[in-house]
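Engineer: I'd like to go over a predicted model; first the sequence, then the structure.
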There are 2 protein chains.
Amino acid sequence: MGDVRIALAQIDTCVGDLEANTRSIVEWTRRAAEAGADLVVFPEMTVTGYPIEDLALRASFRRGAESALQATAARLEEEGLGSVTVVVGSVGEQTRREHDAAPARPTNQAVALRHGSVQARYDKHHLPNYGVFDEFRIFAPGTEPCVLEVAGARVGVVVCEDIWQDGGPVAALTRAGVDLLLVLNGSPFEEGKGHVRAELATRRAREVDAPVAYVNMVGGQDDLVFDGGSFVVDAEGRLLARAPQFVEHLLVWGLATRPSDDPATDRPAAAASAARRDRSRAQVAPALDPDEEIYRALVTGLSGYVRKNGFRSVVLGLSGGIDSALVAAISADAIGGENVVGVSMPSRYSSDHSRDDAADLAERIGADYRVQPIKPMVDAFEGELGLEGVAAENLQARVRGVVLMALSNAEGHLVLATGNKSELAVGYSTIYGDAVGGFAPLKDVDKSRVWALARWRNNAAVDAGEVPPIPESSITKPPSAELRPGQVDQDSLPPYELLDEVLDAYVEHAEGRAELLARGLDAAVVDKVLALVDRAEWKRRQYPLGPKVTALAFGRDRRLPITTRWREP
Amino acid sequence: MGDVRIALAQIDTCVGDLEANTRSIVEWTRRAAEAGADLVVFPEMTVTGYPIEDLALRASFRRGAESALQATAARLEEEGLGSVTVVVGSVGEQTRREHDAAPARPTNQAVALRHGSVQARYDKHHLPNYGVFDEFRIFAPGTEPCVLEVAGARVGVVVCEDIWQDGGPVAALTRAGVDLLLVLNGSPFEEGKGHVRAELATRRAREVDAPVAYVNMVGGQDDLVFDGGSFVVDAEGRLLARAPQFVEHLLVWGLATRPSDDPATDRPAAAASAARRDRSRAQVAPALDPDEEIYRALVTGLSGYVRKNGFRSVVLGLSGGIDSALVAAISADAIGGENVVGVSMPSRYSSDHSRDDAADLAERIGADYRVQPIKPMVDAFEGELGLEGVAAENLQARVRGVVLMALSNAEGHLVLATGNKSELAVGYSTIYGDAVGGFAPLKDVDKSRVWALARWRNNAAVDAGEVPPIPESSITKPPSAELRPGQVDQDSLPPYELLDEVLDAYVEHAEGRAELLARGLDAAVVDKVLALVDRAEWKRRQYPLGPKVTALAFGRDRRLPITTRWREP
């Protein structure tokens, strides 16, 4: 029994892009081999991308993934990488009993490749079915644990949710005894989740009495952001190594199978040069400031969505306000200011300072800035329809939506919607108007956080000796939709700090009215906000629906990934 | 052991409307009592409506439902109905072990009420998690079977999916022995599903060696349609009684606990007058023609959506084509022609016959007909933006969308989108244009079926001596979007009959390219249609998305019903 050098390949995959994903596996295995690794482990469902949703139910997709997996094993061997044990994720099929006529069910599988062939397969046991996860819906659970022999060490393999639930494969591996527990993850970013993952890994490390190596994917996929942050803890739960968040990274670390206080230096002399690399790589990346972490998650989500869906540029309306300014700054950081088209669409109610702030912002980030007045179109509609009140306010927003979609159709930009979570929650958004867009970067960012992120981004620029992207007056002026003369948001909403507290309790934590009042919140405020949220939730979801009259209809009975490169072969 | 008179109350509930749902329980129990019933059974989740989706996770909602249930038990007793055993569905809470600190999980519960209190509770065991169902996601499964004693008979109670899966409560009831198996259902309509339900009930009747009484809800809820069609089969699976589809109905039937060839007449003399009513009610409603069944499902879905969401009228664009004509006819049947606003929105490419057909249709159904030219608005956009090609075509559709939404905002109508499933599948639809609407009646109806339904509806009118609602020329002319001069759909699509075959195989049955070619379909047609579908699927799903950065975001991690009357108490 010797020492084992482990590489955690924290990579960015794309759902359905079997060719790019498997090419990435070969490339990162080469880097791992150059770093002296005996074993390289990739994130959950590496071959297929993650999450694949109902693509898993398509037999032709499963056949395509299996072919790509076999071709990858062969190619690793051809390229002289066959002696490295490569653990990847893919879609598998449930082993069936003889004479079982039912169609095969897919599994969420980890596969070990070595010497050009599949050495072992492991099917994920615990299939999450809450929050963003639909896995119990699409996958059959595994029933057998998996232990690999790598350079004499016993390496247990599990997948993501398997360590979030008690019992199951971790308990089986504890009984069997392992020298290391590998965990392949597709763990979406959430504010502060790093601590939860570390505590969990510590618990499982103590349970199996061995180090835990946790590898997570990175990158944006549909509305999920994966932050990476892969890490290793020892059998006591002490952090030995951690990769930075939001970038692809190879984290290399040496497992001393004999007890040692410092496994990373307890290496045989033969691997001395690799061990030198190791000391520089087996780093503990510092934790990020909370605002920076969210900001970088938003940049990662947007850049992944743009790139994986084949766009190269975005277009958005610039109102001079804080929301569109922050979205523009995120866009410039994600894909470069030169790929951002900002359109000022003044109406009769737009103030001069709004237009000045929009132009200022565009100049700061180097965006393509355009001014497109909406008065001629609004006048044409009003001349025909004679609208007033909410109908007239919504009309302005809808004309702007049509302008942005026309530019998207004509020039190929992705349209970004700029509304924030607080506004969306209370319905301060026009369906088919400012809600128009393929991606809404602030969908999950409340207004209080919008200001905090804008300030953080400007301060980061100052610290780096750069021009702050967001005009100061966009941050400090009172927010207004400018749909009526002199209108400001606080005419009809409680202060955003208070609003966001109610929204967090009611929407995020499902607290009822009684719990909200028990927090000491004013009953009139609570009732107003709840009524707004209930109505907005309904309006947001009801466009468009239709009845289901056959076995399958479009919509909620098919859950396909948005971003996928999968095409029928 | 005596005989038992059973009533199946096939009613229409609304999610969250605890007051109306429980009022309905009392009213229908009174009718059942008047018909001499010892036992009345209601559909799945009667108190809360169904499906309640993530509302189940809100503790204040569960408390509200439990209060409504207790109040209903008390009211039944007060109103002299306490001696009837009333079986209803509601949301329950999992019984927890002592010292369990985790929050209570909801259950899908059947509850038996008698003499003002709860006599028994049963938690659904098998929680469907496929297609439209998310139950495993939200509910905890039950573990105990339930047998009621009613007038000396042993009555087993299960809920919906419990009879679709082998094992579980039906097996337990078989071992325990019952005189009758009650099944509470929220079984959504699908084409031809009646046969599947009947076969299933037959299998379970033989398994438990007792009659099965299957009660299903009726009405539209969000994008689901419930067709009712409640029925009773005997222990051999022979159909004893069946309610009509798509209407509320009380199906009354007498269970002879001693063997008898004709249970409905084997009644004690004391219940003679009730038995007379019984003979007229314990009918076997005839099965519907397949086109009529789909048509009535569409009418039911639309009328439920309009009514439960508080609308009284609808507005739609009338192009003179078959899709908008069929939607208008369905609307008139659902809510009355006088509540339908049809807007002709001619462009420079609209033909005279299109306008004539639209006007003719409106007159036939008695709709409020308006003509709103779009040229002034299209000219204003084109003057400012100078569009051509697809951008210009989409512009026309989007101006129409803005017009309909303006009428909706100003006058309170629900906007209907008129696209059919074939067009939506291949992307012959403009996002924020003709896709605008809160409800799309033909979302799940392919073009071949659109023609068949139009012909069926016109023939039904002729049979009834009425004016056929749909102008003949709307049915016979070649379909065209009229976005360019002389354009017809078949310029760029295969014939609809062929298109619909490919779509059915690819979209509905998840067949791959290889399977499609093995059907003998032309490779060029297959490749074209698959490319269109993949792109359209992506376009349809990507508007609008955004990243998730906190524990919960709006969108796919919250699955709330659209239509709900639930408000925080």
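Structural biologist: It's in. Numbers count the residues shown, from 1 in each chain, chains lettered A, B, ... in the order given.

Engineer: helix or strand right after the helix or strand of chain A with the lowest mean pLDDT?
Structural biologist: Confidence across the helices and strands of chain A bottoms out at helix A:272-281, with a mean of 40, counting by mean pLDDT, DSSP states H and E. Where DSSP states H and E defines the elements, the next helix or strand beyond helix A:272-281 is helix A:290-308.

Engineer: which residues are in contact with the closest residue to chain B within the stretch 201-350 of chain A?
Structural biologist: Among residues of the stretch 201-350 of chain A, the one nearest chain B by C-beta to the nearest C-beta turns out to be A:G301. It sits 3.3 Å away. Quick note: C-beta positions are derived from backbone N, CA and C, even for glycine. When contacts are counted by C-beta atoms under 8 Å, 6 or more residues apart in numbering or on different chains, A:G301 touches A:220, A:223-225, A:441, B:546-547, B:549.

Engineer: for it, which non-adjacent residue is spatially closest?
Structural biologist: The spatial neighbour of A:G301 that comes closest, neighbours along the chain excluded (C-beta to C-beta, 6 or more residues apart in numbering or on different chains), is B:P547 at 3.3 Å.

Engineer: A:L298 is in contact with the one you found, correct?
Structural biologist: Yes - taking C-beta atoms under 8 Å as the definition, B:P547 is a contact partner of A:L298 at 6.0 Å.

Engineer: number of residues surrounding the residue nearest to A:G301?
Structural biologist: The burial count assigned to B:P547 is 30, neighbours taken as other C-beta atoms under 10 Å in any protein chain shown.

Engineer: OK, contacts around it?
Structural biologist: B:P547 sits next to A:220, A:223-225, A:297-298, A:301-302, A:441, A:443-444, B:553 when contact means C-beta under 8 Å, 6+ apart.

Engineer: tell me the buried residues within these.
Structural biologist: The neighbour-count test (16 or more other C-beta atoms under 10 Å in any protein chain shown) applied to the contacts of B:P547 identifies A:220, A:223-225, A:297-298, A:301-302, A:441, A:443-444, B:553 as buried.

Engineer: using TSV, lay out those together with distance to B:E411 and pLDDT.
Structural biologist: Putting the buried ones among the contacts of B:P547 into TSV (distance: C-beta to C-beta, whole Å; pLDDT from 0 to 100) gives the following:
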residue	distance to B:E411	pLDDT
A:G220	42	94
A:D223	35	87
A:L224	40	91
A:V225	42	94
A:A297	43	96
A:L298	40	96
A:G301	39	95
A:L302	39	95
A:P441	35	94
A:K443	31	91
A:D444	34	91
B:A553	34	61
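
Engineer: and the residue of the stretch 51-200 of chain A nearest chain B?
Structural biologist: Using C-beta to the nearest C-beta, the single residue of the stretch 51-200 of chain A nearest to chain B is A:S60, 2.8 Å away.

Engineer: which positions in the helix or strand containing that residue come out as buried?
Structural biologist: Using DSSP H and E, the element containing A:S60 is helix A:59-78. Taking 16+ other C-beta under 10 Å as the basis for neighbour counts, the residues of helix A:59-78 that come out buried are A:59-62, A:64-66, A:68-69, A:72-73, A:75-77.

Engineer: closest one to B:L251 out of these, please.
Structural biologist: A:A59 (42.1 Å; C-beta to C-beta).

Engineer: any idea how far that closest one is from B:G131?
Structural biologist: Distance of A:A59 to B:G131, computed by C-beta to C-beta, to the nearest Å: 18 Å.

Engineer: OK, contacts around A:A380?
Structural biologist: Counting by C-beta under 8 Å, 6+ apart, the residues that A:A380 touches are B:376-377, B:379-380.

Engineer: out of these, who's the most crowded?
Structural biologist: Neighbours here are counted as other C-beta under 10 Å. On that basis the top member of the contacts of A:A380 is B:M377, with 29 neighbours.

Engineer: quick one: name whatever helix or strand follows whichever helix or strand it is part of.
Structural biologist: Using DSSP H and E, the secondary-structure element containing B:M377 is helix B:375-385. Along the chain past helix B:375-385, the next helix or strand (assigned with DSSP H and E) turns out to be helix B:389-411.

Engineer: report all helices and strands that that following helix contacts.
Structural biologist: Other helices and strands packing on helix B:389-411, by 3 or more C-beta pairs under 8 Å, 6 or more residues apart in numbering or on different chains; DSSP states H and E, are helix A:375-385, helix A:389-411, strand B:314-317, strand B:340-344, helix B:375-385, strand B:414-415.

Engineer: any chance of those in TSV, plus distance to A:I365?
Structural biologist: Output for the helices and strands packed on helix B:389-411, formatted as TSV (distance: least, C-beta to C-beta, whole Å):
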stretch	distance to A:I365
helix A:375-385	27
helix A:389-411	18
strand B:314-317	41
strand B:340-344	43
helix B:375-385	24
strand B:414-415	38
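
Engineer: save the ones you listed as a markdown table, and put in mean pLDDT and distance to B:L499 too.
Structural biologist: Conversion of the helices and strands packed on helix B:389-411 to a markdown table gives the following (pLDDT from 0 to 100; distance: least, C-beta to C-beta, whole Å):
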| stretch | mean pLDDT | distance to B:L499 |
| --- | --- | --- |
| helix A:375-385 | 96 | 36 |
| helix A:389-411 | 94 | 24 |
| strand B:314-317 | 97 | 23 |
| strand B:340-344 | 98 | 28 |
| helix B:375-385 | 96 | 30 |
| strand B:414-415 | 95 | 27 |
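
Engineer: and B:P43, which of these is closest to it?
Structural biologist: Once these are compared by C-beta to C-beta, strand B:414-415 is nearest, at 25.9 Å.

Engineer: now the element after the closest one, going C-ward?
Structural biologist: As the chain continues past strand B:414-415, the following element, by DSSP H and E, is helix B:421-426.

Engineer: buried ones in stretch A:514-529?
Structural biologist: By 16+ other C-beta under 10 Å, the buried positions in stretch A:514-529 come out as A:515-516, A:521, A:525-526, A:528-529.
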